[in-house]
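1. please work out how this folds:
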Amino acid sequence: MNKNLFEGVFTLKFKKFLSCALAATFFSLSFSFSSVSAANEVKTPSDEVIFSNFEGDENFKKFMDSLPQKSGDYKSSQRPIMIEGAMNIEIDNFVKSLEKPVIYKFLNYVYFAGTYKNYPVIVARTEQGVGNAAVVTAVGIQKFNPIAVINQGTAGAHIPSLHIGDIVIGEKIINAAAYKTEYAPAGAGINLTSQEMRGTFAYNDKEKTFTINQEYLPDKNLLRIAENVADTNKKYTVVKGTISSSDTWLSGIDHMKFLHEKYGSVCEEMEEAAAAQMCKSSNVPFIGIRAISNNITNGEQHSPASSLSSQSFVLLVVGKYIDELSKK
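-> Numbers count the residues shown, from 1 in each chain. Just a heads-up that it's a prediction; the model follows:
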């Protein structure tokens, strides 16, 4: 409940049932408690973001509702590029950039199909979290047979040198929750720093079985294209680094520092490791790209506009990739 609404309701009830003096006392206590809560919110700005509405603006929702829905098999003479984003604010510009977009729905997940620069493109809304991202990627690979998958969106920084809107190209992708801890007896307490990366299982096409992966690497060709786009578009501040995925939302600076020092993590998000895992299992080229949306380590608050940075940069990557595909 909104703090101001809480105070209003609280005060109204006590004015009705208690004496004016007692009501004033409790109102004062309520105000003091709310002030403490507000102070705590400043210390944990992620709380505000977690409960924010990520559905995008009303115009985009109306635009989605106006799109025709398709059923049956997707047909294309060329294998499409599949772009993934978890929320409407991470895919709205992609969808608006498509020519003649239509909607496919599988297992209640939404895929937008159209063309960009006369080449077939699928925009998949993964929803938030590793489980959703794995399903959407696997289903998308089966239904659309993409030539490549680009998972993109926003991320929270783990190091002070990154700023809102900076682009991170995933040089490595790790599942930050796939670790093994050292043995500790009962009563010894919890020490999450006594861990080693275990990894997740993906199908290894060479060995013809599922093998464990401590990290997932981007497709070399897609990485080269992304680097080229960064080099030729200086309006973007672009770095390469390790991106951490998990369903955990970190607010502890020491925890972030540990992940950076232990695994080289520069930022965190919730989908890329799962998408990379599915692409590895399906032998589909993959790359992960993120824009920094907030940075607790240097005090920069969450900015929804950061999703525009990711989408505009990735559109340049997609355009460059299409140019190269058209020459083959």
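
2. now do the SS call for I141.
-> helix (DSSP: H, G, I helix; E, B strand; the rest coil).

3. show me where pLDDT drops low in this protein?
-> 1-56 (pLDDT under 70).

4. all the helices of it, in order from the start?
-> 3-17, 20-43, 46-50, 58-66, 88-97, 130-144, 220-232, 253-263, 272-282, 306-326 (DSSP state H).

5. which secondary structure elements does the last one contact?
-> Looking back up the chat, that one is helix 306-326. Under the contact definition 3 or more CB pairs under 8 Å, 6 or more residues apart in numbering; DSSP states H and E, helix 306-326 sits against strand 81-85, helix 88-97, strand 109-116, strand 119-125, strand 148-157, strand 167-175, helix 220-232, strand 286-294. All C-beta spots, glycine's among them, are computed from the backbone N, C-alpha and C.

6. tell me which of these sits nearest to T211.
-> strand 167-175 (14.7 Å; CB to CB).

7. now mean neighbour count and distance to A275 too, for the helices and strands packed on helix 306-326, in TSV please.
-> Shown next, in TSV, are the helices and strands packed on helix 306-326 (neighbours: other CB atoms under 10 Å; distance: least, CB to CB, whole Å):
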stretch	mean neighbour count	distance to A275
strand 81-85	27	6
helix 88-97	22	13
strand 109-116	20	13
strand 119-125	24	9
strand 148-157	27	4
strand 167-175	24	8
helix 220-232	16	13
strand 286-294	27	7
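
8. JSON lines for those, including distance to G199?
-> Converted to JSON lines, these look like this (distance: least, CB to CB, whole Å):
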{"stretch": "strand 81-85", "distance to G199": "22"}
{"stretch": "helix 88-97", "distance to G199": "26"}
{"stretch": "strand 109-116", "distance to G199": "26"}
{"stretch": "strand 119-125", "distance to G199": "25"}
{"stretch": "strand 148-157", "distance to G199": "18"}
{"stretch": "strand 167-175", "distance to G199": "7"}
{"stretch": "helix 220-232", "distance to G199": "21"}
{"stretch": "strand 286-294", "distance to G199": "16"}
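
9. endpoint to endpoint, stretch 123-133 covers what distance?
-> 13 Å (CA to CA, to the nearest Å).

10. again with stretch 90-108
-> 18 Å.

11. any idea how far N283 is from K208?
-> 12 Å (CB to CB, to the nearest Å).

12. neighbour count: these two, which is higher?
-> Higher neighbour count among K208 and N283: N283, with 11 against 7, using other CB atoms under 10 Å.

13. does that one touch N204 like I think?
-> No - using CB atoms under 8 Å, N283 is not in contact with N204; the gap is 9.6 Å.

14. the closest residue to I173 other than its chain neighbours: what's it in contact with?
-> Spatial nearest neighbour of I173, excluding adjacent residues (CB to CB, 6 or more residues apart in numbering): Y216 at 4.4 Å. Y216 makes contact with K172, I173, I174, A202, A273, A276, Q277, K280, F286, according to CB atoms under 8 Å, 6 or more residues apart in numbering.

15. now with 7 Å?
-> I173, A273, A276, Q277, K280 (CB atoms under 7 Å, 6 or more residues apart in numbering).

16. any idea how far it is from A184?
-> To A184, Y216 is 30 Å away according to CB to CB.

17. okay, now the residue lying closest to A134 once chain neighbours are set aside: neighbour count?
-> Using CB to CB, 6+ apart and skipping the chain neighbours, the partner closest in space to A134 is A274 (4.0 Å). Here the count is done by other CB under 10 Å, and A274 has 28 residues near it.

18. who's in contact with A274?
-> Contacts of A274 by CB under 7 Å, 6+ apart are V130, A133, A134, T137, S245.

19. tell me the buried residues within these.
-> Listed as buried from those are V130, A133, A134, T137, S245; burial here means 16 or more other CB atoms under 10 Å.

20. pull the most distant pair out of the residues you listed.
-> Across these, the longest distance by CB to CB is 12.4 Å; it joins T137 and S245.

21. follow-up on the earlier one: let's see if you can find the most crowded of the contacts of Y216.
-> In the contacts of Y216, the most neighbours by other CB under 10 Å go to A276, 33 neighbours.
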